[in-house]
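Colleague: Give the three-dimensional model of this entry:
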Amino acid sequence: MTGSGTLHVYVAFDWGEQLRLDEAARQVPASRYELPRRRRTPTSFTYRPPPLHLALEPIALELPELGPVQAAAGLTLFDFGAVSLAMRVPFSLPPEALVGLAGALADPGALVQKALAVLQPLYQQLLPAIEDPCWQSDLSEEYFVFQLPPGNLDMASDVAWLAALVHLESAPLSTSEIAEALRLQLSYSPDDIFIADWGAAVLVDRDCEETLQAIEFANLQLLEFRHIDNRLDESLAAASRAIDPWTRSALPFWRIHGRPLRVLGELKVEANALFERTSNALKLVGDPYLARVYRLVAARFHLESWEENIGRKLEVAEGVYQVVSDQASHFRTEFLEIIVVVLILIEIILAFLH
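Modeller: Reported below is the predicted structural model:
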């Protein structure tokens, strides 16, 4: 059997705190992106607000088993500062060669470097539209979808082959690992199937742009959760360093709390705002199938665990903020008491002098 289909490559980056889409549209030839939809897909499945989409020139890639290829490419830009580069590569390979390609994709370093090189000029061009630009080139998320046409797959005999694709593993897998790789799957009709793992998925379907968009957004959301988590770690560490010298000071008068309070306050606002914008960007109301696709990929990405972890860190930030605020209030009370005592002493001394 020859495996013919399309390899979808998604690479997500975070460019800054916020991207002003209207200004970005004036900088590059991009347009508001309306999600493709099938007849069954309701209008409630949409981005809010709609991101910008920019068609790119084909990108030259060198892929194992395929050799030099020209990948069709497009870039989607979101208002919360994240971008997703989508590349599409058609293939026609025997199963063993396709498994070899999947195994090579387990190390996406070359693809990420290619994406960085392609997007760097665009990033520079869009700098005026990015608030607090900070592109960490070492922070990215990659995901691969092997899209196959219906009718060429036998789920009874092709399980090892499918498990190798979604696991991005060219070596043979054990029975238990095959079962784990194929554990999360769903179908809408007898002819289609979607199987997702951490690094890749197999999608047997035609005209499935809305399904691919749900997958791409879940990958982007994972990147943003990692970004928020990193920022929380850095900001909490910075706040701790700012607070520590004053908490150890023996002189209450010199315990200056303004800066730590400001750092923690900005952290809470920033993390909560980014968290809400990321979580609410894609509305899946009214389409149970697409909602299940998203939840399946989210389960593989452990997005719920990331969400809980971010929530806990925000609670820690809230607790630290409260402690520092209480310290500041206590300091002000102590300072006022000292002033009152000093004034009383001055008044007594003046009374004796007179």
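
Colleague: Which positions in stretch 55-64 come out as buried?
Modeller: Neighbour-count burial for stretch 55-64, with 16 or more other Cβ atoms under 10 Å as criterion, is recorded at L56, I59, L61, L63. Every residue, glycine included, has its C-beta placed from N, CA and C.

Colleague: One more: stretch 169-179?
Modeller: If you call a residue buried by 16+ other Cβ under 10 Å, then stretch 169-179 has these buried ones: E169, S170, L173, I178.

Colleague: ok, now stretch 108-123?
Modeller: Buried positions in stretch 108-123, judged by neighbour count with 16+ other Cβ under 10 Å: P108, L111, V112, K114, A115, L116, V118, L119, L122, Y123.

Colleague: These in helices, which ones?
Modeller: Counting by DSSP state H, the members of the buried residues of stretch 108-123 that fall within helices are L111, V112, K114, A115, L116, V118, L119, L122, Y123.

Colleague: before we move on, the earlier item: just the buried residues of stretch 108-123 now: which is nearest V159?
Modeller: The shortest approach to V159 among the buried residues of stretch 108-123 belongs to P108, at 25.0 Å (Cβ to Cβ).

Colleague: how close does the spatially most central residue of the chain get to V340?
Modeller: Computing the C-alpha centroid of the chain and ranking residues by Cα atoms, centre = their mean puts L223 first, at 2.1 Å. Taking Cβ to Cβ, to the nearest Å as the measure, L223 falls 55 Å from V340.

Colleague: what sits up against stretch 115-130?
Modeller: Surrounding stretch 115-130, the residues in contact under the criterion Cβ atoms under 8 Å, 6 or more residues apart in numbering are 11, 13, 15-21, 23-24, 27-28, 54, 56, 59, 73, 75, 77, 81, 83, 85, 133, 135, 137, 140.

Colleague: What subset of the residues you listed is buried?
Modeller: Buried members of those, scored by 16+ other Cβ under 10 Å, are 11, 13, 15-19, 21, 24, 54, 56, 59, 73, 75, 77, 81, 83, 85, 133, 135, 140.

Colleague: low-confidence ranges in the chain?
Modeller: Counting by pLDDT under 70, the ranges of the chain that qualify are 1-3, 35-45, 154-157, 238-265, 267-268, 270-271, 274-275, 279-287, 324.

Colleague: helices and strands around the lengthiest helix in it, which ones?
Modeller: Using DSSP H to define each element, the chain has its longest helix at helix 303-353. Using 3 or more Cβ pairs under 8 Å, 6 or more residues apart in numbering; DSSP states H and E, the elements in contact with helix 303-353 are helix 209-247, helix 258-280.

Colleague: surely A196 meets R295?
Modeller: No: at 10.3 Å, A196 does not count as touching R295 under the criterion of Cβ atoms under 8 Å.

Colleague: sorry, back to before: please tabulate the buried residues of stretch 55-64 in JSON lines, including the columns distance to W161.
Modeller: Shown next, in JSON lines, are the buried residues of stretch 55-64 (distance: Cβ to Cβ, whole Å):
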{"residue": "L56", "distance to W161": "32"}
{"residue": "I59", "distance to W161": "28"}
{"residue": "L61", "distance to W161": "23"}
{"residue": "L63", "distance to W161": "19"}
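
Colleague: Just the ones of these in strands?
Modeller: Secondary-structure check on the buried residues of stretch 55-64 using DSSP state E: residues within strands are L56, I59, L61, L63.

Colleague: With distance to V99 added, can I get the ones in helices among the buried residues of stretch 108-123 in CSV?
Modeller: Below are these laid out as CSV (distance: Cβ to Cβ, whole Å):
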residue, distance to V99
L111, 18
V112, 22
K114, 23
A115, 24
L116, 28
V118, 28
L119, 30
L122, 34
Y123, 35
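
Colleague: That'll do, ta.
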